[in-house]
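S.K.: Sequence below, structure please.
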Amino acid sequence: QVISLRWAAAEAAQPAFRIFAAMQARSVEAFQDAIRAWYAVSLNFVSADSQGNIGWIVSGQLPVRANGDGTVPLAVVDGSDNWTGWIPFAQMPRAVNPERGWLGTCNQKTVSADYPYYYSSYFSSSYRYRRLKTLMQPARPLDTDDHYAFQRDTLNLMAARLAPILATALTARDDTRDLGNILARWDFRDDPERIGPTVFHAVYNRLALRVFEDDLGPASARTMLNVWYFWQERFQQMVESGTSPWFDDIRTADTEETLDDMIYLAGQDAYAMLFDRFGSDPDRWRWGRAHTIEFVNPIRREGFGKGLLGGGRHPAAGSVETLHRGIYHFETPFDVRISATLRMVADLGDADKVLAVMGGGVTGRVFHPHADDQIEAFLKGEKRFWWFSDTQIKA
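M.R.: Model (predicted):
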């Protein structure tokens, strides 16, 4: 059989990446019009101008399909073309000055059910965006310090729903009661000094693996679980409902496992893993010991000399589900593989400076003092200012 791939980005590619019109725009309207030229990549853009307007728009070109949605290969039975055109630019997802007064994106699903075109089947789980919605509805005006703190928010809304369920099942058994008690006392924040996040993520991961690997097989289950966006919210629904055919382990023909049984088995797995990695003392299970981020230099990512050229390994806050992003691979918990390198807040009423910290450094030159001198500020939430004003730079 022959499989052919068609990629919108390749067909929409231009001789140059036309960024200048967007960078020189003086209004939200001009910025959104300039995004028309960004054919080759689909990204969320939010913008604001000094007249008080705010806007959000999606770049890229997306095909209109006659059949199917591109999630799985489409069998070709005749000479017709499944792509009938492109979503018109005027109908790409966008907003300007919404009534609620703010805009934000967390890679979540941004189109409503009545959107006339197939848009995507690959969205981030909604936890981070729902947390952002809560933070953006205070009783007082927000300032730059508030927004900077939001980027470091570690409240895990998924854990707030699932950790109590796990705690109840774990405390019902003698050999997992300690794990359940830790979860019962946790405030659902993925902070480095807390033990609760380590226990939660360990039990949660082992539970997901136990639920799916008997039906899908170990290899296919791990392939699916490595893609967080595809399964997390559906899995939460299953756990919250308490019943699902997936909970029964088909490898035990004489027993029909319940959710509580699977949580208990996952707790045993998690305890064994934590004991093996960190020892028997739960005080050594703090999230900052398990969940770490390493700053490496592209010249030497692995092996001898990596530590000399890079910025070292450090405790990391956050997780897959928090605004303070610290994504680890399901297969290799809990080392951070994806994080937001730049923390930045721009006050459009301040022409002199922006608040910004670049964790990996502001220069790529090896051994340069500014290659790693913002790591501590990035990790601890300290503030740094990047100056625009010539007067202030000289000062």
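S.K.: separation between the most centrally placed residue in the chain and H314?
M.R.: In the chain, the C-alpha closest to the average C-alpha coordinate belongs to V320, at a distance of 5.2 Å (C-alpha atoms, centre = their mean). Distance of V320 to H314, given as C-beta to C-beta, to the nearest Å: 18 Å. Where you see a C-beta, it was placed from the backbone N, CA and C, and this is true even at glycine.
S.K.: same deal with T176?
M.R.: Per C-beta to C-beta, T176 is found 31 Å from H314.
S.K.: and S112, how many residues sit next to it?
M.R.: 7 (other C-beta atoms under 10 Å).
S.K.: When T176 and H314 are compared, which one has more neighbours?
M.R.: T176 (23 against 18).
S.K.: The residue nearest to the more buried one when sequence neighbours are not counted: neighbouring residues, count only.
M.R.: With C-beta to C-beta, 6 or more residues apart in numbering as the criterion, T176 has its nearest non-adjacent residue at 3.8 Å, and that residue is G267. Residues within reach of G267, counting by other C-beta under 10 Å, total 27.
S.K.: Which positions in whatever helix or strand G267 lives in come out as buried?
M.R.: Using DSSP states H and E, G267 sits in helix 259-278. Of the residues in helix 259-278, those buried under the neighbour-count criterion (16 or more other C-beta atoms under 10 Å) are 259-271, 273-274, 278.
S.K.: so for that helix, what's the average pLDDT?
M.R.: For helix 259-278, mean pLDDT rounds to 98.
S.K.: on that earlier part again, just list the residues touching the residue nearest to T176, thanks.
M.R.: Listed by C-beta atoms under 8 Å, 6 or more residues apart in numbering, the contact set of G267 reads 166, 169-170, 173, 176, 179-180, 203, 206.
S.K.: And the nearest residue to W228 once chain neighbours are set aside, how close does it get to I195?
M.R.: Counting by C-beta to C-beta, 6+ apart, W228 lies nearest to V320, which is 5.4 Å off, once chain neighbours are set aside. Going from V320 to I195 by C-beta to C-beta gives 19 Å.
S.K.: same deal with D254?
M.R.: 37 Å.
S.K.: what's the answer for F20, then?
M.R.: Taken as C-beta to C-beta, the span from F20 to I195 is 51 Å.
S.K.: out of those two, which sits in the busier spot?
M.R.: I195 (21 against 11).
S.K.: Can you point out the helix or strand that includes P333?
M.R.: Per DSSP H and E, there is no helix or strand for P333.
S.K.: Repeat that for P98.
M.R.: Using DSSP H and E, P98 falls within no helix or strand.
S.K.: could we number from 51 for the rest of this?
M.R.: Understood, numbering begins at 51; the last thing we discussed is P148.
S.K.: Low-confidence stretches in this protein?
M.R.: For the chain, the stretches flagged by pLDDT under 70 are 66-67.
S.K.: And the strands in it?
M.R.: 94-98, 104-108, 113-115, 133-136, 144-146, 342-345, 362-365, 376-378, 386-389, 392-395, 403-408, 435-437 (DSSP state E).
S.K.: so which of those strands comes closest to F262?
M.R.: When the strands of the chain are compared by C-beta to C-beta, strand 376-378 sits nearest F262, at 18.4 Å.
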